[in-house]
Structures are given as C-alpha cells and as structure tokens.
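> sharing a model prediction with you, sequence too.
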Amino acid sequence: MERSIEQAIRAEALRLGFSACGFAKAEPVSNEVAQTIDHWVEQGNHADMSYMERNRHLRLDPTQLVPGCRTLIVTALNYYPKQTLPKESYQIAYYAYGADYHRVVKDKLYQLLTYIKDLVPGVQGRAFCDTAPLLERYWAVKAGLGFIGQNRTLIIPGKGSYCFLGVLAVDMDLQEEHHDMPTSCGNCKRCLMACPTGALTVDGIDCRRCLSYLTIEHRATISPDFIGKLGNRIYGCDTCQQACPHNRNAEPTSEAAFDLPAPIAAFTRDDWHSLTPERYRELFKHSAIERAGYDGLMRNIEAVHSGSKE
Ligand code: SF4
Ligand code: SF4
C-alpha cells in the first residue's frame, strides 16, 4: 500500500532522530486554554519573565505568528543522557548537558522541511524551538504526541518527558487519525510531592518558587527562602521529571550533540568554584547554560555552597 504524505514525513522525522512527530491544524487555541493562560499570567506565576505578557495574540494563534500556515508539524527529540553527573557533584539539568538544543532541533526541522519540499515543491515553512511565542506543549497534545502532566511537561506515553519539542509551521494541509492514549496523570501526584519548593500545584506551576526558573531565568539574588532548597542544583532542576513514573524506562538519547562533555563530567566542586569567565566561555559557548550567563552561574554556585552550610 502506498504511504500517505503524513506517513512519509513522520518516517523522515524518525530517520532524522526525532522520537515522535505529529500534525495539528494551525488555528487559534481554544477559549478555555486562552483563559487558563491569562489567569496564570494575571496571578504572576510567570515571575519576571515579562515576555509572557507580550505577544498574547501571537501566542494564542499560530496563524498570526506565521501568516498562511495551515499545519504545525510537532516533533520531540529525546535528550535523556547516556551518562549522568555523579550524585555528589554539582548538578546541571539534563537538558543542558550538551549542545544548545535550539540549534540542534531547528537544524533537524529545516532538514525535514527540505525533504517535504522535495515531495511537494513550493511548500513554505518556518521552524521553532523555544524561539517564538508558541504553545509547543499544547500543539504537541493536539498533534497526538501525548498529554501535559502535572509537572507541566509533555509526557509521551512509553517514552516519557525528557524531550525537546520543535514545531515546523507549513502552508499545507496535513492530517492524521490519532491513536487513543492517556490524557492525564490520573491519581498520581508524585511530582507535586517531590518538588522541593512547593512550586507545583494542581493549578499549575508557580515560577516564583521553581528552582529551574530561579537558577536560569531569574537575574537578581536568590532569596534565602530558596537557598536551602537548592541542594546540589547549580543550573536547573529535574526533580519533578525524575519523580515521574513515565520516565522510569527512559531510553538514553542517540543524539551525540547532547552528550555530557568529558571535562564537565570530571568537574569537581573546586573546579566549579574556580571557573573563570574565559574557561566558562570556552566550555559553554554552544551550550544552553549560556542562558544564565557567567555571573548567574557563579551566583548559583555560591548559593548552593552557602545553602549546604545551613
Ligand atoms: S523544576 Fe524543580 S522546583 Fe521546579 S517545579 Fe519541578 S521539582 Fe519543583
Ligand atoms: S509524576 Fe505523576 S502527576 Fe506528575 S507528571 Fe508524572 S504522572 Fe503526572
């Protein structure tokens, strides 16, 4: 039987290394979702990520973000590491172990677009990975990839949540039947109980309390209320994903770009404390860790050190 164009695109996405790929009609998000987001922002849960207050119209309607787009091709790229930092070491969130995911995911999406253009000449598209006001997780659900867990990540049944989401917005219609799959966490509350700061509730995440936000996006001093909660975390926090039963059988990524570089794997606490701006630039110039900047990372290292003495 001849493959449909959707099947051909998915097969190519998997060949490129994505672990999932689906299709969602580009249209405004539902009123219910728009209201939930508005309420979340009004309550100040986005902390000082003021970009969440801007471009509401684009965030809620991808056809305004990319005029003419008709389908969002949503992909997931596994980043679960082959090798993790020893427990006693200072910890970096898994997603930031290797190369900056924005570039890796977008490179693959543009390779996928090239393939699509060969199939259907004239198709236009734009790739996004955390680089535009786009509700990636919402569209991943619409595309049939999984559901949004209480830890606010996209959970792909059978694969878990350690995935980067990427979106290719194209000006062609693509459609597929979705398979039945779980749509919620059921009675599980493991991530809510595991969160060290109480940032997660059944109503969502309060970024003002989230260690991932506080160690990456937050630019000011970390409040003493949270310093003692940092544990060994110097960049990000994986606790609510580590607690999730859907991640129990996570398969390590086959994407070599996400491997932990050997010099960082060998870093002692003293190495972190004596990190110079030059060495930081050398080690992290193509890493997501650049997001915090040298000063932010050193602030975190000092905070973890002082928290360990409390
Ligand atoms: S990332 Fe850490 S601090 Fe933030 S919600 Fe998850 S467990 Fe809580
Ligand atoms: S730990 Fe449980 S409640 Fe949290 S996201 Fe996973 S399944 Fe959902």
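Done, it's in. The structure displayed is predicted, hence computed values, not measured ones. Ligands and ions are numbered 1, 2, ... in the order given.
> what segments of the stretch 51-200 of the chain are strands?
71-78, 91-92, 125-128, 147-148, 154-155, 163-170, 200-201 (DSSP state E, counting those that start in this stretch).
> ok, of those strands, where does mean pLDDT dip lowest?
For the strands of the stretch 51-200 of the chain, mean pLDDT drops lowest on strand 200-201, to a mean of 92.
> ok now that one, how far from the chain's centre?
Going by C-alpha atoms, centre = their mean, to the nearest Å, the spacing between the C-alpha centre of strand 200-201 and its chain's C-alpha centre is 18 Å.
> what lines up beside the next helix or strand after it in the sheet?
Sequence order places strand 204-205 as the next helix or strand after strand 200-201, per DSSP states H and E. Partners of strand 204-205 in the sheet, by DSSP bridges, are strand 200-201 (antiparallel).
> the partner strand near ligand 1 anywhere?
Yes: on the criterion C-beta under 6 Å from any ligand atom, strand 200-201 is in touch with ligand 1 at residue 200. (C-beta placed from N, C-alpha, C; glycine too.)
> any part of that strand near ligand 2?
No: counting by C-beta under 6 Å from any ligand atom, ligand 2 is not contacted by strand 200-201; separation bottoms out at 7.8 Å.
> before we move on, back to that, for the strands of the stretch 51-200 of the chain, give me a markdown table that also has distance to residue 100 and mean neighbour count.
Shown next, in a markdown table, are these (distance: least, C-beta to C-beta, whole Å; neighbours: other C-beta atoms under 10 Å):
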| stretch | distance to residue 100 | mean neighbour count |
| --- | --- | --- |
| strand 71-78 | 13 | 26 |
| strand 91-92 | 13 | 23 |
| strand 125-128 | 15 | 21 |
| strand 147-148 | 24 | 18 |
| strand 154-155 | 20 | 26 |
| strand 163-170 | 11 | 27 |
| strand 200-201 | 27 | 18 |
